[in-house]
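Asker: no FASTA, just this:
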Ligand SMILES: Nc1nc2c(ncn2[C@@H]2O[C@H](COP(=O)(O)OP(=O)(O)OP(=O)(O)O)[C@@H](O)[C@H]2O)c(=O)[nH]1
Ligand SMILES: [Mg+2]
């Protein structure tokens, strides 16, 4: 047994190589950023990225996404280093999957082929907790898989880790397609039943003002929800920590309202997921006020704002009263900024705290606007949360008095206990 020494018996972490193309529409810098995000997505689902391949093309190759020679390089690397999977940054068409699968078969080694959507679907599947979210993810998985049912995607091993595995021969394909179609029909019916139930529940809920936290994934929505609603919400430095939406009733200045934490958005969010998460996203669609949370410490936060705005527009929620909440200002690089207010006191110390100086600086930038309103905060450090509350309160009050014109008369004699976290 001596020769086995040094080998770990624990299950090793799965490994991946990433593949992306730089095109006329996507420059090299963007490709690098997308790849970094793809590696983060992979690590969120427990997969270690070993290497990335990129190719410059006018547009992705119709047949095999990258050119044939490049694909051979990738496959050779995967064989040499015994990598488990290849992850493509863009969605592959069913025929690209077939062609890539064919090239892989020629080399005789088993390897999984995933694209961005499938990776995101897998993460959603791992994270969904409620019956509704689980059903939504499963529906999206089947809809994704159906047109791609080739030998590789087959045998409906939809369990975690099973997606992308090589399946049995052509014979089972027809059966698989039939099973998939039946399952899709069943899941749709199940979702409709859940929808009817939640619709009835919602109808019976008070007609309170509804505020929704929206934003790119990992920007700090759940952390902010925790601070604002004192709710025990799961927050983590991973993508898509939240897949189910959480609603809390909060009361400020005697006015109750509903605060919702929602699933994070991401660039190239699979359309199938948007569709099947329709009812979860109804929380956003039915919201009166949106708090669009932005991670100002992220190098691409401006593009992330656009992605989120684009998805909101698609959902028909693009023109709701919105507050742009720039979060994580504690991570804003202080050294790089020029402070007009950075006067020193007699002891040679700054008169303003670091957070105050950063806030002051940010308020002089073009991000400070009134359309939509902006607030700069750190949810983690509870900085400027009072200002955020005041800004949100203005909008809540407007809406609240529209719904309950007699609220003041009915309630001004009652004592209110304000629940709010002081800074
Ligand atoms: N430094 C710093 N980190 C923060 C702040 N707010 C949140 N974070 C961290 O950012 C990470 C993501 O936070 P979440 O609250 O899970 O983000 P989310 O937007 O809910 O993410 P998803 O649910 O995945 O879309 C966590 O590690 C938080 O601790 C902040 O103000 N400053
Ligand atoms: Mg979250």
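Answerer: That came in fine, so what should we check first? What you see is a predicted model, and the numbers here were worked out from it, not measured in a lab. Ligands and ions are numbered 1, 2, ... in the order given.

Asker: quick one, what contacts residue 191?
Answerer: Under the criterion of CB atoms under 8 Å, 6 or more residues apart in numbering, the neighbours of residue 191 are 132, 135, 136, 139, 276, 279. Any C-beta I mention is one placed from the backbone N, CA and C, and that applies to glycine too.

Asker: any chance of TSV for those, columns pLDDT, distance to residue 303 and secondary structure?
Answerer: Shown next, in TSV, are the contacts of residue 191 (pLDDT from 0 to 100; distance: CB to CB, whole Å; DSSP: H, G, I helix; E, B strand; the rest coil):
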residue	pLDDT	distance to residue 303	secondary structure
132	85	31	helix
135	90	32	helix
136	87	27	helix
139	91	30	helix
276	70	26	helix
279	67	28	helix
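
Asker: residue 219: which of the residues you listed is nearest?
Answerer: Proximity of these to residue 219 (CB to CB) peaks at residue 136, which lies at 22.2 Å.

Asker: for the closest one, which non-adjacent residue is closest in space?
Answerer: Nearest residue to residue 136 in three dimensions, chain neighbours excluded: residue 276, at 4.3 Å (CB to CB, 6 or more residues apart in numbering).

Asker: and if you look at residue 18?
Answerer: Here the residue nearest residue 18, using CB to CB, 6+ apart, is residue 52, at 4.3 Å.

Asker: any buried residues in the helix or strand encompassing residue 188, and which?
Answerer: Following DSSP states H and E, one finds residue 188 within helix 171-204. Under the neighbour-count criterion of 16 or more other CB atoms under 10 Å, helix 171-204 has 172, 173, 176, 177, 180, 183, 184, 187, 190, 191, 194 buried.

Asker: give me the distance between that helix and the centre of its chain.
Answerer: 24 Å (CA atoms, centre = their mean, to the nearest Å).

Asker: next structured bit after that helix?
Answerer: The helix or strand immediately downstream of helix 171-204 is strand 209-215, counting by DSSP H and E.

Asker: which strands and helices sit next to that following strand?
Answerer: The contact analysis (3 or more CB pairs under 8 Å, 6 or more residues apart in numbering; DSSP states H and E) places strand 209-215 against helix 221-229, strand 255-261, helix 278-285, strand 289-295, helix 301-315, helix 385-403.

Asker: with distance to residue 322 and mean neighbour count added, can I get the ones you listed in JSON lines?
Answerer: Putting the helices and strands packed on strand 209-215 into JSON lines (distance: least, CB to CB, whole Å; neighbours: other CB atoms under 10 Å) gives the following:
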{"stretch": "helix 221-229", "distance to residue 322": "14", "mean neighbour count": "24"}
{"stretch": "strand 255-261", "distance to residue 322": "14", "mean neighbour count": "21"}
{"stretch": "helix 278-285", "distance to residue 322": "11", "mean neighbour count": "19"}
{"stretch": "strand 289-295", "distance to residue 322": "4", "mean neighbour count": "23"}
{"stretch": "helix 301-315", "distance to residue 322": "8", "mean neighbour count": "16"}
{"stretch": "helix 385-403", "distance to residue 322": "9", "mean neighbour count": "16"}
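
Asker: returning to that earlier point: got the angle for the helix holding residue 188 vs strand 209-215?
Answerer: Going by axes from the mean of the first three to the mean of the last three CA atoms, to 10 degrees, helix 171-204 is angled at 140 degrees with respect to strand 209-215.

Asker: that older thread, nearest to ligand 1, of the contacts of residue 191?
Answerer: residue 136 (15.8 Å; CB to the nearest ligand atom).

Asker: can you list the domain ranges for this protein.
Answerer: Taking automatic domain parsing as the criterion, the chain consists of the domains 13-115, 128-193, 207-411.

Asker: can you flag the weakest of those by average pLDDT?
Answerer: Least confident of the domains of the chain, judged by mean pLDDT, is domain 128-193 with a mean of 73.
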